[in-house]
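Colleague: Below are the sequence and a predicted model for it; my questions follow.
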Amino acid sequence: MAENHATPLLDTIQIPADLRRLPESQLETLAEELRTALLDSVSQSGGHFAAGLGTIELTIALHYLYNTPEDRLVWDVGHQAYPHKILTGRRAQLPSIRQWGGLAPFPKREESDYDTFGVGHSSTSISAALGMAIAARQSNSGRKSVAIIGDGGLTAGMAFEALNHAGDLNADMLVVLNDNNMSISPNVGALSNRFAQILSGQIYASVKEQGKRVLSMMPPMWELARRAEEHVKGLIVPGTLFEEFGFNYIGPIDGHDLPTLLSTLRNIQQLEGPQFLHIITQKGKGYAPAEDDPVKYHGVTPFDPQLGIVPSKKAKQPSYSNIFGDWACDMAAEDDRLVAITPAMCEGSDLKRFQQEYPDRYFDVGIAEQHSVTVAAGMACDGLKPVVAIYSTFLQRGYDQLIHDVVVQKLPVLFAIDRAGVVGADGPTHNGSYDISFMRCLPGVVLMAPADENECRQMLYTGHCLDQPAAVRYPRGSGPGVAVDKQMTALPVGKAQLRRQGQGTAILAFGVMLDIALQVAETIDATVVNMRFIKPIDEDMILQLAASHGQLITIEENVVHGGAGSAVNEVLAAHNVHVRIANYGLPDRLLEHGSREDMLYDAGLTVEAFSTFVASVCDGAEPAIIKNQAGQG
Ligand SMILES: Cc1ncc(C[n+]2csc(CCOP(=O)(O)OP(=O)(O)O)c2C)c(N)n1
Ligand SMILES: CC(=O)[C@@H](O)[C@H](O)COP(=O)(O)O
Ligand SMILES: [Mg+2]
């Protein structure tokens, strides 16, 4: 067990009021101790890491100068807010972060008054902070409102919607752009390129030095020097863009230089209207392995700080993401129309090899899910075969574009929906609980759920071969470990597969829930069907089962509401077939963070819980199915 280093100064701080009693001269020592505490804790617990190392000084400066929690800090995404959680009374619980019953993965209103807004999905902070600024103005509370957004977060359109609105209102608020030129991967986009180009330039270095002097002369010289410098900076630093949105742009300044941060923030606090502070930080700052590889240290499992993350020698069973990544490369070799699009999740979607082997057919669009869907639609209009690699939870951001740009135009866009179902550590903001419900209602979409790794590959191929919108939804992590047939074969669309012939009860399993269904069926000699397609659903199979069994039970890793089971119900209703039917899936409540296994247990998606459910159905228990499920776990 790694030891925790002594942090005598940090030990004196329970809440920011304690911090604000420290002399400024002690803050740099505090920053060192806070960085050490973060490394000690996260190297033991795992979690999001590099981003938090980059916000140590900023977190101290903001809690030092703003009267938190009265003044509102809104962290964007919130993966960088572990230092914030340490300084706001949660240091002792930090080792439990993202674990069942432990601290939430991101700021969460119910967890702390200092967590002013629940986050997890990117680029919401400016909108939320603006909402709080408006409320402060309406109530004359004098409360200040600060959004802290990363350069990755600023690649989402929503951030600009908020900037535009804030500038229009001349809102009293501060937006801090924490620019480390990284998203999870290196950041992308014209704005990011411009920032990097300018901020690496020699001219800027001298302006930065000069700017530092000028900034420290504030306030008497502030206005004159700034205006005089504006023209120069306008040529050299990108404040112009934000000034066009009505913000007073300040910076860029070194986000690890506490004295400069403090003097700049003090002066900003004297200013009215929308303020935009651009700080330059390093993702992973202060821990060399993370500085060298902020991608690897973005999210970590426990590691020895002395050694850093040591690649496992054990042969890893391929995850569903790996199955997708391998298929994409194999398919690209066979069909040069295939292009792959990711909204800033290259590593998570396992497109790294594709990016290296097909750089001209790989598109990381930034944290821009709406755009990822519609750019794919445009590609499909003119002969390309785009695959959008997107987490289920993040596809929710592009739902309007899915309907209006892909489905209405019947375009052959393939969605590789990763993290479908419960994800575990990232909690309810990241669960892929709803994609079956929100996709099966769309006309002309083919929606598939593989039961194992081989079906995943074959379904991706099936979707690629179609000339209509298609989607394959698969969970985080690995499957049952079946052999994957490199030979790609299209499945018969809309056809289910009988996996076990039994009697009395028929279990209709969707996706990876087949495994649980088969185990339970053994105990009651039930029939099991691997449904494979949620849309078009195999109506003939359903009607045959209904005609030959006393009860049908569906199981899926999606909410019961509107899920695959509902599709079965609709077939029976449409054909006026009367048979006992029960639906089993994710309950109608949010599932809190933990491991994926914890969450499946909480949701009742285990062999034991499903077996109990099936027995109760067979015993003729009341079909208050969803209510039972909601109380489950
Ligand atoms: C809507 C949405 N898409 C994707 C993600 C996944 N994600 C989490 S953090 C991150 C990168 C954020 O980059 P930045 O804002 O620059 O923060 P940094 O990690 O650099 O501090 C991404 C893409 C997300 N949380 N929300
Ligand atoms: C904070 C965020 O949204 C991402 O870092 C997310 O946690 C990645 O999830 P996976 O670990 O499942 O790729
Ligand atoms: Mg960044």
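Modeller: It's in. Residues are numbered from 1 along each chain as shown. Ligands and ions are numbered 1, 2, ... in the order given.

Colleague: Only C-alpha atoms from now on, for both contacts and neighbour counts.
Modeller: OK.

Colleague: what pairs with the longest strand anywhere in the chain, and is each one parallel or antiparallel?
Modeller: Assignment by DSSP state E gives strand 551-559 as the longest strand of the chain. Sheet partners assigned to strand 551-559 using DSSP bridges are listed as strand 505-509 (parallel), strand 580-586 (parallel).

Colleague: Restrict the shortest one to CA atoms and write it as PDB.
Modeller: Just to be clear, that refers to strand 505-509. Presented in PDB, the C-alpha positions along strand 505-509 are these (Å, rounded to 0.1, in the frame of the first residue of the first chain):
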ATOM      1  CA  THR A 505     -41.900 -20.100 -20.700                       C
ATOM      2  CA  ALA A 506     -40.100 -18.300 -23.500                       C
ATOM      3  CA  ILE A 507     -37.400 -15.800 -22.700                       C
ATOM      4  CA  LEU A 508     -36.700 -13.200 -25.400                       C
ATOM      5  CA  ALA A 509     -33.200 -11.900 -24.800                       C
END
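
Colleague: outside of that strand, which residues touch it?
Modeller: Strand 505-509 has contacts (C-alpha atoms under 8 Å, 6 or more residues apart in numbering) with 517, 521, 525-531, 545, 549-556, 618.

Colleague: got it, and the longest one?
Modeller: Where contact means C-alpha under 8 Å, 6+ apart, the residues beyond strand 580-586 that reach it are 433, 550-560, 565-566, 569, 603-605, 610, 617, 623, 625-626, 629.

Colleague: Now list the buried members of the residues you listed.
Modeller: Among the contacts of strand 580-586, those buried by neighbour count (16 or more other C-alpha atoms under 10 Å) are 433, 550-560, 565-566, 569, 603-605, 610, 617, 625-626, 629.

Colleague: Which pLDDT does the model give residue 43?
Modeller: pLDDT, the model's per-residue confidence, is 98 for residue 43.

Colleague: Identify the residues contacting it.
Modeller: So residue 43 contacts 300, 301, 302, 303, 304, 305 (C-alpha under 8 Å, 6+ apart).

Colleague: Can you tell me which of those residues is nearest ligand 2?
Modeller: Nearest to ligand 2 among these: residue 300, at 8.8 Å, using C-alpha to the nearest ligand atom.

Colleague: Okay, and the beta partners of that closest one?
Modeller: So, taking DSSP bridges as the rule, residue 300 has residue 47 as bridge partners.

Colleague: Report the contact partners of the residue of the chain at minimum distance from ligand 2.
Modeller: With C-alpha to the nearest ligand atom, the shortest gap between the chain and ligand 2 falls at residue 348, namely 4.3 Å. Going by C-alpha under 8 Å, 6+ apart, residue 348 touches residue 321.

Colleague: how about it, secondary structure?
Modeller: Look at residue 348: counting by DSSP: H, G, I helix; E, B strand; the rest coil, its state is coil.

Colleague: can you give me the strands for the stretch 251-400 of the chain?
Modeller: Per DSSP state E, counting those that start in this stretch, the stretch 251-400 of the chain carries strands over the ranges 274-280, 299-300, 338-342, 362-364, 385-391.

Colleague: Then the stretch 51-200 of the chain?
Modeller: Counting by DSSP E, counting those that start in this stretch, the strands of the stretch 51-200 of the chain are 72-75, 145-150, 173-179.

Colleague: before we move on, what about the stretch 451-600 of the chain?
Modeller: 470-473, 497-500, 505-509, 527-530, 533-535, 551-559, 580-586.

Colleague: Surely residue 470 touches residue 449?
Modeller: No. Contact status for residue 470 versus residue 449: not in contact, 11.2 Å apart, counting by C-alpha atoms under 8 Å.

Colleague: Now the residue in the stretch 1-150 of the chain that ligand 3 sits nearest to: closest residue in space, sequence neighbours ignored.
Modeller: With C-alpha to the ion, the shortest gap between the stretch 1-150 of the chain and ligand 3 falls at residue 150, namely 4.6 Å. Among residues not flanking residue 150 along the chain, residue 178 sits closest, at 4.6 Å (C-alpha to C-alpha, 6 or more residues apart in numbering).

Colleague: Which residues are in contact with that neighbour?
Modeller: Residue 178 neighbours (C-alpha under 8 Å, 6+ apart): 55, 148, 149, 150, 151, 255, 278, 279, 280, 281.

Colleague: which of the residues you listed count as buried?
Modeller: Going by neighbour count (16+ other C-alpha under 10 Å), the contacts of residue 178 have 55, 148, 149, 150, 151, 255, 278, 279, 280, 281 buried.

Colleague: Run through those residues and flag the ones next to ligand 1.
Modeller: Near ligand 1, taking C-alpha under 6 Å from any ligand atom as the test, the members of these found are 149, 150, 151.

Colleague: Dump those into JSON lines; add pLDDT and distance to residue 38 as well.
Modeller: Converted to JSON lines, these look like this (pLDDT from 0 to 100; distance: C-alpha to C-alpha, whole Å):
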{"residue": "149", "pLDDT": "98", "distance to residue 38": "20"}
{"residue": "150", "pLDDT": "98", "distance to residue 38": "20"}
{"residue": "151", "pLDDT": "98", "distance to residue 38": "22"}
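
Colleague: which among these gets closest to residue 169?
Modeller: Using C-alpha to C-alpha, residue 149 comes nearest to residue 169 of those, at 19.9 Å.

Colleague: That closest one pairs with what?
Modeller: Beta-bridge partners of residue 149, as defined by DSSP bridges: residue 177.

Colleague: Confirm for me that it is in contact with residue 176.
Modeller: Yes. Residue 149 is within contact range of residue 176, at 6.2 Å (criterion: C-alpha under 8 Å).

Colleague: Tell me how many other residues crowd residue 620.
Modeller: Residue 620 has 11 neighbours, counted by other C-alpha atoms under 10 Å.

Colleague: Need the phi and psi values for it.
Modeller: In terms of degrees, to the nearest 10, the main-chain angles of residue 620 are phi 80, psi 20.

Colleague: Quick check: it vs ligand 3, distance?
Modeller: To ligand 3, residue 620 is 56 Å away according to C-alpha to the ion, to the nearest Å.

Colleague: gap between the residue of the chain closest to ligand 2 and ligand 3?
Modeller: 16 Å.

Colleague: Contacts only, for the residue in the stretch 501-633 of the chain that ligand 1 sits nearest to.
Modeller: Among residues of the stretch 501-633 of the chain, the one nearest ligand 1 by C-alpha to the nearest ligand atom turns out to be residue 593. It sits 15.0 Å away. The contact partners of residue 593, by C-alpha under 8 Å, 6+ apart, come to 98, 99, 100, 101, 104, 105, 424, 425, 426, 427, 428, 599.

Colleague: wait, what's in contact with the nearest residue to the fourth one once chain neighbours are set aside?
Modeller: Closest residue to residue 101 apart from its sequence neighbours, by C-alpha to C-alpha, 6+ apart: residue 594 at 7.3 Å. Residue 594 makes contacts with 98, 99, 100, 101, 424, 425, 426, 427, as judged by C-alpha under 8 Å, 6+ apart.
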